[in-house]
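Novice: Have a look at this fold, sequence not included:
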C-alpha cells in the first residue's frame, strides 16, 4: 500500500523535501500538528514533476508541515483535529481490500515506485543519502494482511450434506438479510394517509345520512387511488427484482465426496469450493493452493485483476478471470466484506421531497377543510338545522376540499416519465427519484467502470533506452515474454497481445517460458530468431523489478527510467517495463509501455452537459490519486483532487456518522473536484456531508464499494453491468453502457418536475376555489332572501350543490388531467427547487380569482329576478333555481379546467407555451362533457335539491362561458403580475437557481492552497 494512504512516523531517513510550509512557532510541542510529519502527497498529491526534472532538496522535514495539512485543517475546530489524529490509524472495515494480493506484473508498483522517487530521489541520489535499494524495494512491495488467521483451517475434503445442513442452521444462508414488506401490507398502507383519511371520513358521513350513491362513488375513488399507486410502485420493484434474479449466483462445492453445482445461498463457512475462470466468488474464500487472477474492480476500483496465492482472501462480489483453484469458505452472508458493506445500506425511512411536498399540501388543505367544516357545522346547527341537514351541508365542504386525484395524477405523471427514461436505457426503481433528479445540484461518480471503460489501453508515448527502439519493437519484445500463441493469461498479456502486430511474431519461436511467479514478479521468454538462429531472452514486469536485472554499468539508464516513471506517474499513466538480453547475455532496458484506463467516449460530454444544466460533478474513486488526477484532467473535472486522508470514518463500533459532519468537513467536500483512495465509508460520508449542506446529491457507481453511497444519495444510479449490491441500492439502473442516459435523465426529470409542479399549482388553486366558494356560499348566501317568481317553488335557506355534481367536477377534470404527463414542458437550465410559499401564493392568486368570479356569478343569478339587477339590465330573464344549480356547476367546471391552462405556463402568459396535443384533447373532452351535462340534465331533484338542464335557456349557457373566459384572462394577467412581484422581492428566495455556491470559507480554502502551492510552482494538488 502506498505510503500516502497509511502515513508512517518520521524515520531516520532524510526525506527529499518537495513543497512544505514551516509550522508557526506558536504551536506547543504537544500540538497535534507536531505529532507526525507526512509527505505532501498525503492529502493533495505529489510534486512528481519536480523530481522528474531533477529538482533536489536534502533538507530535514522534522519541523515542517505541508500546505495540504495546514489548509485542510485551517477550518477545523481543535477538538476535531485531535480526534482525527487519534483515529489516524483506525482501519476501515474495508481497509483489507487494498491488501488482497498483487496485480500481475505491475499492479500499483509503478505508482508506488514513483512515490518513493518523489520522497527519496532517484537511485543515484538515494545512494548519496545512504538509502539502500532493499529499503525502497520493501516499501514498494509492502503487502500486509494477506495471511489467514492462526485458527483458520483449510478444507481439502469437503463436507457431508449432514454436516453442511448443521452448519447452515448455525450460520444461516449465504445471503444478505433483507427486510421485505408484504405486498398486502404495502397496499393497506395506501389507505392510511391524509387524503385517504379525508375520503374515509366523507364516506362515513354519507353513509350516516343515507346518501349511498355518493358513498359508493367515494369508495370507488378510494380504491382506484390505492390500486394505481400500488400498481406503479410494484411494477418498478418487479423490474429490479427481475434484474437480480437473472444474475442469481451458483457455486461449485464439494459435498459427500463429489463436486456439485448448488445455490450459493447454501454455502457454509468451511465449505470446499471450486473457483474457476469466469465464475463469481460466491463467498469470502481463502485460496487452498495455486493462483488465480480475480477482477476486483467492483470492490476496489482497480482496473487490473489481482493475483491470489495460497492463503489469500478473495471476496464475494469479485470474479475469477484466469486460473482455477480450490478454496475454503471463510465467511458467508452478513459476515462477508460484501455483507459488512451492506450494513451501511440501512433504511433511513426518509421521505422524498415530493412526498414531503404532497404531505404538506394535503395537511394544509386538510387543516383548512376541518376548520371550515367545523365552522359550517356549528353555524348550521345554530341556525336551527337538524343534525342530518347540517351534516349534509358540511359534507359538501368536506368533499370539495379533497384533492381526489392528486396521487393518481402525480403517480401517473412520474410513471409515464419513467417509461420515457426506460426507452433511453434507465429503469426507474423509485418513482420519486425522478423528482429528486430534477432537483440534483451535485453528481458524485465512481471512476472505474463508470467514468472509464474499466479496460487498460496502450498509450502512444513509449520511452525507450536503446537506439532504434520503437513502440512496435518494444511491444514485440513484451509479447515474446508471453505465450503469444495461447489465450492471454492475465490482463497485461491481454493488453500486450491485443495491441502487438501478430504478423511480426512469426519470425520468432519460444524455447522456454517462465510464467509470473510471486517471488520473481515478472515473466520471461527464451526466444530464437528463426532466420538468424540467435537466442535471447525478453522479460516484462514492474519497473523496479526489471531494473534489478540491469548491471551497475547501467546506472544512468536506471536514473532515466526512474525519472520517466516519476514523470508518467505524476500524470497518472501506468508503466510496464520491457527488457532484453544482448549478445553477451546482459539485460538491457528497452523501454516502458504506457497504459491507462481511458474515459468512456461519452463521459466528457455527459460532464459538460451536467455543468451546463447547473449540476456540479465530483469524482470519488478508490483508485490511486495520480490516476484519479489524470482522469480528472482528461474530463475537465477540475484540479482539486484530494485523498481520503482528512475525511472521517464511521464510528468503529456504532457505525454512526461523525457529529457536525457538514460543519467540520463541508468546506473540503465542496472545494474538492474529487477524492481518490477512498473507502466505501468515505463515499457514504461525502454524500451525506453534501446532503447535510442542503444539496440534492446524485451518485453513480457499479460496485459493492459504491452501494452505501448509492443508497444514501438522493438519486442513486447504478450503471450497466453493475453488481447486485449496486442495483439493489440504486434508485435508477442503467441498461446501456456509459452515462449518456444520465444527461437525458436530468432533462426529462426537469420536464416531469415542471408538469408535477404545474399540476399541484392547479390542484391547490382548484381545491381552494371549491372549498372557499362553498364555505362562503353557505354562510353568506341565503336564496330564500332573494326575490323570485311567485310560484309554488320555495327557494332553500342555504345554497348547496349536490355532492355528486362536485365529484363529477373533480373526477371529470382530474381524470382527464392524467394527460398532463404528455404536456409540453421546458426543462429549467438549473436544478428545480420546491418553493412551497411561492407555490401557495401562485395557487391562491389563481384560486381567489376563480372563487370571486363564482361568488359574483352566484349573486348575479340569485338576483336575476330583480328588475333593477345587473342580469336583467343586460337583457336576460330571471333564472329558475334548478337551472341556476346547473349554471353554477358549468361555471365552476369551466373555471376549474381553464385554471390549469394558466397554471401550466408558470411565469408566462397562457398563450406563450402551446399545450401538448393530448392535454388539449383531454381538456376539450372534459369541457365538452361538462357543457353537455349542464344542457341535457333531466329536470328533477338530487338530495332534495332541484336541478334542471339549460337546454331551454341556451343564452344563459353562452353567458356562463363568456363570463368564465373573461375572468380566465384576468386570472392569467394577475398570475404573471404576482410572479414578477415575487421575483422582484425574491420572495422566499424564489430567484435561487439551485446551483452550488461555494461559501466564503470554502473559497478561502481553495485560495490558500493555490497560493501556497503556487509559490513552489506546483499547480497539481
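Specialist: Looks like it arrived, so ask away. Quantities reported herein were computed from a predicted structural model and do not represent experimental measurements. Residues are numbered from 1 along each chain as shown.

Novice: which is the next helix or strand following the longest strand anywhere in the chain?
Specialist: Assignment by DSSP state E gives strand 587-596 as the longest strand of the chain. Counting by DSSP states H and E, the element after strand 587-596 in chain order, helix or strand, is helix 603-612.

Novice: rewinding a little: helices and strands around the longest strand of the chain, which ones?
Specialist: If you count contacts as 3 or more C-beta pairs under 8 Å, 6 or more residues apart in numbering; DSSP states H and E, strand 587-596 packs onto strand 457-458, helix 471-480, strand 535-541, helix 543-547, helix 555-570, strand 574-581. C-beta coordinates here come from the backbone N, C-alpha and C atoms, glycine included.

Novice: Kindly compare burial across those and name the winner.
Specialist: strand 574-581 (a mean of 26; mean count of other C-beta atoms under 10 Å).

Novice: picking that back up, relative to strand 535-541, how tilted is the longest strand of the chain?
Specialist: Counting by axes from the mean of the first three to the mean of the last three C-alpha atoms, to 10 degrees, strand 587-596 lies at 40 degrees to strand 535-541.

Novice: For strand 587-596, what is the distance to the chain centroid?
Specialist: 40 Å (C-alpha atoms, centre = their mean, to the nearest Å).

Novice: and that strand, what's its mean pLDDT?
Specialist: Averaged over strand 587-596, pLDDT sits at 94.

Novice: how much does it deviate in direction from helix 555-570?
Specialist: Going by the same axes, to 10 degrees, strand 587-596 makes 10 degrees with helix 555-570.

Novice: So for residue 969, which of the helices and strands packed on strand 587-596 sits nearest?
Specialist: Closest to residue 969 of the helices and strands packed on strand 587-596, according to C-beta to C-beta: strand 457-458, at 63.2 Å.

Novice: who touches stretch 834-841?
Specialist: Residues from elsewhere that reach stretch 834-841 (C-beta atoms under 8 Å, 6 or more residues apart in numbering): 353, 357, 360-361, 364, 439, 757, 760-761, 764, 978, 982, 987-990.

Novice: Of these, select the buried ones using a PyMOL command.
Specialist: In PyMOL, a selection of the buried entries from those looks like this (16 or more other C-beta atoms under 10 Å):
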select buried, resi 353+357+361+364+439+757+760+761+764+978+982+987+990
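
Novice: for the contacts of stretch 834-841, which one is nearest residue 751?
Specialist: In terms of C-beta to C-beta, no member of those lies closer to residue 751 than residue 757, at 10.7 Å.

Novice: Please give the element, helix or strand, for that closest one.
Specialist: Secondary structure assignment for residue 757, by DSSP H and E: helix 740-780.

Novice: ranges for the helices of the stretch 651-800 of the chain?
Specialist: With DSSP state H, counting those that start in this stretch, the ranges of helices along the stretch 651-800 of the chain come out as 661-671, 680-692, 707-712, 724-729, 740-780.

Novice: Tell me what angle the longest strand of the chain forms with helix 471-480.
Specialist: Relative orientation of strand 587-596 and helix 471-480, computed by the same axes, to 10 degrees: 100 degrees.

Novice: ok, and for stretch 708-721, which residues are buried?
Specialist: Using 16+ other C-beta under 10 Å as the test for burial, stretch 708-721 gives 708-720.

Novice: I'd like the average pLDDT over that stretch.
Specialist: The average of the pLDDT scores along stretch 708-721 is 90.

Novice: ends of that stretch, how far apart?
Specialist: Stretch 708-721 has an end-to-end distance of 18 Å (C-alpha to C-alpha, to the nearest Å).

Novice: Hey, what's the angle from the longest strand of the chain to strand 574-581? Just curious.
Specialist: Orientation check (the same axes, to 10 degrees): strand 587-596 against strand 574-581 gives 160 degrees.

Novice: Confidence-wise, which of the helices of the stretch 651-800 of the chain is weakest overall?
Specialist: For the helices of the stretch 651-800 of the chain, mean pLDDT drops lowest on helix 724-729, to a mean of 78.

Novice: what's the closest non-adjacent residue to residue 388?
Specialist: With sequence-adjacent residues excluded and distances taken as C-beta to C-beta, 6 or more residues apart in numbering, residue 388 is closest to residue 209, at 5.2 Å.

Novice: give the contact list for that neighbour.
Specialist: 388, 391, 392, 395.

Novice: Distance check, the first one against residue 380.
Specialist: Think residue 388. Counting by C-beta to C-beta, to the nearest Å, the separation of residue 388 from residue 380 is 11 Å.

Novice: same deal with the second one?
Specialist: Using C-beta to C-beta, residue 391 is found at 9 Å from residue 380.

Novice: Could you do residue 598 as well?
Specialist: According to C-beta to C-beta, residue 598 stands 76 Å off from residue 380.

Novice: Residue 458 reaches residue 494, doesn't it?
Specialist: No. With contacts counted by C-beta atoms under 8 Å, residue 458 stays clear of residue 494, the gap being 11.2 Å.

Novice: does residue 495 really touch residue 459, like I thought?
Specialist: No. Counting by C-beta under 8 Å, residue 495 stays clear of residue 459, with 11.0 Å between them.

Novice: any common contacting residues for those two?
Specialist: Common contact partners of residue 495 and residue 459 (C-beta under 8 Å, 6+ apart): residue 595.

Novice: Who has more neighbours out of the two?
Specialist: Higher neighbour count among residue 495 and residue 459: residue 495, with 23 against 15, using other C-beta atoms under 10 Å.

Novice: Roughly how far does the more buried one sit from residue 740?
Specialist: Separation of residue 495 from residue 740 (C-beta to C-beta) stands at 27 Å.

Novice: same deal with residue 505?
Specialist: Look at residue 505 and residue 740: by C-beta to C-beta, they are 39 Å apart.

Novice: Of those two, which one has the most company?
Specialist: Shown here are residue 505 and residue 740; by other C-beta under 10 Å, residue 740 has more neighbours (19 against 16).

Novice: wait, what's in contact with the closest residue in space to that one that isn't next to it in sequence?
Specialist: Distances taken as C-beta to C-beta, 6+ apart place residue 602 nearest to residue 740, at 4.7 Å, with adjacent residues excluded. Residue 602 makes contacts with 738, 739, 740, as judged by C-beta under 8 Å, 6+ apart.
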